[in-house]
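> Pasting the sequence and the predicted coordinates here, then a few questions.
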Amino acid sequence: MTPAAPHRWRIEVVRDATPRRRALSLAAVMLLALALCGLLLRAAGADPGTALAALVRGAFGSLNAATETLVRATPLIFTGLAAATAFRARVWNIGAEGQVFAGAICAYGLSHGLAGLSPLVQLPVVLAGAMIGGAAWAGLAGLLKTACRVDEVISTVMLNYIIVYVLSMLLLKGPWSEAGGFFEQTAKVDPGSVLPVILPGTRLHLGFALALLAALAMQVLLARTPLGYEIRGAGSNLRALSVQGASAARILILVMILSGLLAGLAGATEVYGVHGRLKAGAITGFGYAGIVVAILGGLRPWGVVGAAIFFGALVNGGTYMQIKTGVPSALIYAFEAIILLACLAGWAAAGLRIRKVADAV
Amino acid sequence: MTAAPPRLEVRGLTKRFGALAANDGVSFDVAAGELHCLLGENGAGKSTLSACLFGLLAPDAGEIRLDGQPLNAATPAQAIAAGIGMVHQHFVLVPAFTVLENIVVGTGRGWRADLAGGRRRIADICGRYGLALDPDRRVADLSVGEKQWVEVVKALYLGARLLILDEPTAVLTPEESDRLFAIIRRLTGEGIAVLLISHKMREVLQSDRVTVLRRGRVVATVVTADASGDDLSRLMIGRAVAPASAAAPAAAGGEVLRLDRLVPDRAGRAGAPISLTLHAGEILGIAGVAGNGQDELLETLAGLRPPLAGTMHLMGLQATGLGAHALAERGVGYVPSDRFRDGLVPDFTIAENLLLGRQWQAAARRGPFLGAAQMRARARAAIADFAIAGGGPDTRSGRLSGGNAQKLILAREFAKARHLLLCNQPTRGVDIGATEFIHRELLRKRAEGCAIILASEELDDLLALSDRIAVMSGGSILGTFPKAGADLSAIGRLMAGQGGRAA
């Protein structure tokens, strides 16, 4: 309102941001995020350029590094898909963490008696077990919601705690403890149940291929099937869907089962693809990280794959960065958070613009 | 009036959204003490204009002056400070607060609200304009009409010299609407300028002057006394209106629907038992102010809420308590009153919305997948048949205007309604052009032998279309009139109803 100024600036909402706008806005905040990460590295006493170069080298610098990145990404693809599927339907499944545990427990429970049999028998049992376990644990939260109106955020978080201690109970002087072992873990699983390596000379196992397959399946399911139609519809206006005869309870349960099934597979890939034994340390943290991956991936299956590989690269490269520059690899988690916040800010900013407004004075 | 600058002066106001000019060089003025009406179809630019006035949008060009002073409100707070008050179509009140708290909230200095001072000033304002408003009642307990008064008093409390009313009577009974206009007249008598946004001709004709908008431009500003309703309609839509009207009753078909002492569930309370029969090729109009049981009755018939007692027969078969899906399969179409809440999935494309309810049917699928080509072909046909403007099969339906969204719902429900079509307020908030279209389509559907229940607050609609008119009030049907002998005043009295709402 100052008469001296011929114009002033104001922030406006843009109704339909174009993809180009979004990409530009995202690129801008990513640069900002990079700068912030650089500052953090500097504060940790390293030269940001060297440290970031080490990070990239560690993540993609060799065949070995690159495949290791994909191994790290594999469980995140599954849990990311799990969260994305649920969130697309506006079902707030925060329980992928517990569903990973349930998947691993169920896979182990069904398959450890089959030792010595052909992998053609054992592998399907392992995978089916993981899906059944994850789906059942998530379905329980779905039932609690439809039958007793328990909010799924509460129930899935609480179920996470329960399953972690169930595993502890099974492993600590329980029926599955390693004979004579000191740690809370099972003995090594039977070789016939281990997910085979798909690229000789690396650790890249069948689980990664299955994860890509799962992303493809989710993409097709969401875009082209009646169930995917209902999931997307529920995320936009569940009420209109029910007015047209769809059952909200049925959609919720199906979404929960689908989401839990995907999360359960992450349990199988870690136990049978990487660690070779069931222990809490092998499967902790992927469920919560999956939520971040899903959001970063825009709740789209291929976006989730990209975000999961990105996070896998950070974790994998972080180790190398620590060796090379002495920067603690825990800094990686700060990077993850900075990047997530930057993305969210970027999406929000794409919906706004700053404009010059002529003053009427 | 000639010497002083007008209360509101708008010159060359332009607002673009991309290539579309929602307001294109709009100029008009409102004098102090004038009731000025802004008339235009949906999408003519009325909402954009009022959003610019109230600081919600920044105009791209043009000038707004209030009492000669340039107004450049960048936020509603600045617009309010400058002396503009706005009563939105959807009230912005806190139900759990009292009238006093709702009005005073946000006006205090610092952390404290001056409740005692506020009480005095509210009493002052109410006394001056003849409003009976108890400041200590909870807003949740007020009738719709009273809530609107709270909004008006709130605007005056904040010192409004120009009051913008956005379609204020959409939710009022005729009586409440009359009272509102009496209050508006007292406001203008005190020198307050009122800008009324409406497309109800009955109200428009009560104003002093009318500015007609079409496609973002001012077509004309006329002195209301010099114009007839037909003149204004013609200006608004750019051609003469050809009102649809029911031909002679189609040959009375067989019985489609029979209700025997059906008791809809009214939020846990039992409504009155309702008995009626409906034949093929017949339109039963349901007159009544919104909230008098129409929603519950139609939702019960559509299978969305199980009845508490009584029976319903469809095409001679028992249909009591069937769900929405089962009834749709038996040929019932349902057009809900709140089209954006109940009728559409905004993130779906037009093609996807047309599929709603049939997504599991074998006919809609090819193997496990939805038939995309078929969906698109169907959407193209519906867009052509129902003149849906504003997009193709792949357009997100959340971007459609109210009228086009309604046409999309009609296209879907007409296809489903082989025997019975339930229409709740199909023309609410829809402009004259689209209303005309909807009326013609309803009559076409009737000619095809479909039985139709049409609930509407617009008596003119009902008189033009219905074969019989039932009047609902307080949840029960108080009387049914054949169209031939319909007595407007009798219907109006019944609408006001026994045990009518506090007004």
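In hand now; what should we look at?
> quick one: pLDDT of residue 336?
No chain was given, so I picked chain A. At residue A:336, the model reports a pLDDT of 87.
> Not quite, go with chain B.
pLDDT for residue B:336: 93.
> cool, the one 4 residues further on as well?
With respect to pLDDT, residue B:340 has a value of 86.
> okay, now it: neighbour count?
Counted with other Cβ atoms under 10 Å in any protein chain shown, residues neighbouring residue B:340 total 17. (Glycine included, C-beta is placed from N, CA and C.)
> Correct me if wrong: it contacts residue B:399.
No. Applying Cβ atoms under 8 Å as the test, residue B:340 and residue B:399 come out as separate, 12.0 Å apart.
> mind listing what residue 181 touches?
Answering for chain A, as no chain was given. By Cβ atoms under 8 Å, 6 or more residues apart in numbering or on different chains, residue A:181 lies in contact with residue A:187.
> wait, chain B
B:203, B:206.
> Check the burial of residue B:368 by counting its neighbours.
11.
> who's in contact with it?
Taking Cβ under 8 Å, 6+ apart, we find residue B:368 in contact with residue A:225.
> Return the residues of the stretch 1-150 of chain B in contact with chain A.
B:17, B:18, B:57, B:58, B:61, B:63, B:64, B:65, B:70, B:71, B:72, B:74 (Cβ under 8 Å from any Cβ of the partner chain).
> Adding distance to residue B:95, write those out as a markdown table.
Converted to a markdown table, the residues of the stretch 1-150 of chain B next to chain A look like this (distance: Cβ to Cβ, whole Å):
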| residue | distance to residue B:95 |
| --- | --- |
| B:17 | 33 |
| B:18 | 38 |
| B:57 | 28 |
| B:58 | 32 |
| B:61 | 40 |
| B:63 | 39 |
| B:64 | 33 |
| B:65 | 37 |
| B:70 | 38 |
| B:71 | 32 |
| B:72 | 34 |
| B:74 | 30 |
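> which of those lies closest to chain A?
Nearest to chain A among the residues of the stretch 1-150 of chain B next to chain A, counting by Cβ to the nearest Cβ, is residue B:70 at 3.9 Å.
> Looking at that closest one now. What's its pLDDT?
We have a pLDDT of 88 for residue B:70.
> Check residue A:344 too.
For residue A:344, the model assigns a pLDDT of 87.
> returning to that earlier point: list the residues that contact both of residue B:340 and residue B:399?
Counting by Cβ under 8 Å, 6+ apart, nothing touches both residue B:340 and residue B:399.
> For the residues of the stretch 1-150 of chain B next to chain A, which ChimeraX command selects only the ones that are buried?
Here is the ChimeraX command that selects the buried residues among the residues of the stretch 1-150 of chain B next to chain A (16 or more other Cβ atoms under 10 Å in any protein chain shown):
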select /B:57,58,63,64,65,71,72,74
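> possible to save the residues of the stretch 1-150 of chain B next to chain A as TSV with secondary structure and distance to residue B:371?
TSV is the format used below for those (DSSP: H, G, I helix; E, B strand; the rest coil; distance: Cβ to Cβ, whole Å):
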residue	secondary structure	distance to residue B:371
B:17	strand	34
B:18	coil	33
B:57	coil	42
B:58	coil	45
B:61	strand	48
B:63	strand	54
B:64	strand	52
B:65	strand	58
B:70	strand	58
B:71	coil	55
B:72	coil	54
B:74	coil	50
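> I'd say residue A:189 and residue A:277 touch.
Yes. Using Cβ under 8 Å, residue A:189 is in contact with residue A:277, at 6.1 Å.
> Those two: who's more crowded?
The neighbour comparison of residue A:189 against residue A:277 (other Cβ under 10 Å) goes to residue A:189, with 21 against 18.
> any idea which helix or strand carries the more buried one?
Under DSSP states H and E, no helix or strand contains residue A:189.
> contacting residues for the nearest residue to it once chain neighbours are set aside?
Once flanking residues are discounted, residue A:189 sits nearest to residue A:276: 5.7 Å by Cβ to Cβ, 6 or more residues apart in numbering or on different chains. For residue A:276, the contact set (Cβ under 8 Å, 6+ apart) comprises A:188, A:189, A:194.
> Ramachandran angles for residue A:276?
The phi/psi pair for residue A:276 (degrees, to the nearest 10) reads phi 70, psi 10.
> now do residue A:120
The phi/psi pair for residue A:120 (degrees, to the nearest 10) is phi -60, psi -20.
> Next, count neighbours for it.
Around residue A:120 there are 8 residues (other Cβ under 10 Å).
> same deal with residue B:47?
For residue B:47, using other Cβ under 10 Å, the count is 19.
> Where does pLDDT dip in the chain?
No chain in the question, so chain A it is. Along chain A, segments meeting pLDDT under 70 span A:1-8, A:10, A:12, A:14-17, A:355-361.
> my bad, the chain I had in mind was chain B
For chain B, applying pLDDT under 70 flags the ranges B:1-3, B:42-43, B:108-113, B:170-171, B:173, B:239-252, B:268, B:484-489, B:496-503.
> Pick out the residue of it closest to chain A.
Closest residue of chain B to chain A, Cβ to the nearest Cβ: residue B:325 (3.0 Å).
> Assign residue B:126 to helix, strand or coil.
Following DSSP: H, G, I helix; E, B strand; the rest coil, the label given to residue B:126 is helix.
> who's in contact with the closest residue to it other than its chain neighbours?
Nearest non-adjacent residue to residue B:126, counting by Cβ to Cβ, 6+ apart: residue B:133, 5.3 Å away. Residues near residue B:133 by Cβ under 8 Å, 6+ apart: B:99, B:122, B:126, B:146, B:149, B:150, B:153.
> I'd assumed residue B:302 was in contact with the residue of chain B closest to chain A.
No. Under the criterion of Cβ under 8 Å, residue B:325 makes no contact with residue B:302, lying 10.7 Å away.
> which one is residue B:25 nearest to, not counting chain neighbours?
For residue B:25, the spatially nearest residue (Cβ to Cβ, 6+ apart) is residue B:12, at 5.0 Å.
> burial measure for the one you found, as a count.
Residue B:12: 13 neighbours (other Cβ under 10 Å).
> can you check the one 3 residues further on too?
Taking other Cβ under 10 Å as the neighbour definition, residue B:15 ends up with a count of 22.
> buried ones in stretch B:160-175?
With burial defined by 16+ other Cβ under 10 Å, the residues of stretch B:160-175 counted as buried are B:160-173, B:175.
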